[in-house]
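Student: one predicted model, sequence on top.
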Amino acid sequence: MKILFLADVVGKSGRAALSKYLPLLKQEYQIDFVIVNGENSAHGKGITMRIYNAFKTYGVDCITLGNHAFSKREILDHLDECADLAYPNNHPLTPAHQGIRTYGFDGVKLHVVNVLGKSFMSPEPVVSPFELMDQFLSTISSEDMVFVDFHGETTAEKRAFFECYKQNCIAVVGTHTHVQTADEMVDEGCAFISDAGMVGPYQSVLGREIKQCIIMMKENVSLRYRVSEAEAMVCGVVITTDDTTHRAIAIERIQIRPGESL
């Protein structure tokens, strides 16, 4: 089985890049299942029902989120309509049972779990991702596949989570920093990368307009989030699992910059 994970989609150019490259990536890598982090897809913060539906038409199977999951409040009115949207399982606004999405493959369950890190993250009081993971694992079969999108700021917290649960998961993929790391590995049947990167404007500061970020940092002022309109890069990973053991056997980084091809 091959799982394609594309990291934080940022703004309009990120959505356009997803629409353009997803069919090509699915064909190139013979992908069986697609997971996309969409937490920055609506003007840099959150997701809307319109964008959720668009992602589904592009061929996305499951959409994960992060600390901006509820920035667009209208999504709260459509929670029951978004069966393939995994909210951060430890976010205080996430309803019960909507931080994990479950799918079936040849009699084996695949659970997509979305969690927030606690280090240097949102001011909301989040439950420890370790505590929630322990609770969740006690409710499922040891034969099930568990894919975790760990949305966090620090590489140390993500790596510690991976080391703690690598025997229980097929993948722990980090998101949030928008900078793709080069530490991908497979250990004990679990794939890992600290951060998968972003599908967002290449000429930007983590997706934001460059000049605005310079003003904010030089003058110590807060400005409304402005997404860069530059052409997007595409970042993510392809994870391969063994069809017999249902454990990860390979992880490959993907990074396509403007002007490059597959």
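Tutor: Structure received.

Student: in three-state terms, label Lys211 for me.
Tutor: Under DSSP: H, G, I helix; E, B strand; the rest coil, the three-state class of Lys211 is helix.

Student: now do it against Ala182, distance only.
Tutor: Distance, Lys211 to Ala182, using Cβ to Cβ, to the nearest Å: 29 Å. Quick note: C-beta positions are derived from backbone N, CA and C, even for glycine.

Student: who's more crowded, the two?
Tutor: Lys211 (11 against 8; other Cβ atoms under 10 Å).

Student: mind pulling up the pLDDT for the more buried one?
Tutor: Per-residue pLDDT puts Lys211 at 94.

Student: between the two ends of stretch 223-238, what distance do you get?
Tutor: Terminal residues of stretch 223-238 lie 36 Å apart, using Cα to Cα, to the nearest Å.

Student: give me the neighbour count for the closest residue to Ser71 other than its chain neighbours.
Tutor: Excluding the flanking residues, the one nearest Ser71 by Cβ to Cβ, 6 or more residues apart in numbering is Gly46, at 3.3 Å. As a burial measure, Gly46 scores 22 neighbours (other Cβ under 10 Å).

Student: distance of Gly46 relative to Leu4?
Tutor: 23 Å.

Student: that older thread, what residues are up against the residue nearest to Ser71?
Tutor: Neighbouring residues of Gly46 by Cβ atoms under 8 Å, 6 or more residues apart in numbering: Glu39, Asn40, His68, Ala69, Phe70, Ser71, Lys72, Ile75.

Student: let me have those in CSV, extended by pLDDT and secondary structure.
Tutor: Shown next, in CSV, are these (pLDDT from 0 to 100; DSSP: H, G, I helix; E, B strand; the rest coil):
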residue, pLDDT, secondary structure
Glu39, 94, coil
Asn40, 95, strand
His68, 88, coil
Ala69, 85, coil
Phe70, 85, coil
Ser71, 85, coil
Lys72, 87, coil
Ile75, 80, helix
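
Student: between the residues you listed, which is closest to Cys82?
Tutor: Nearest to Cys82 out of the contacts of Gly46 is Ile75 (Cβ to Cβ; 7.4 Å).
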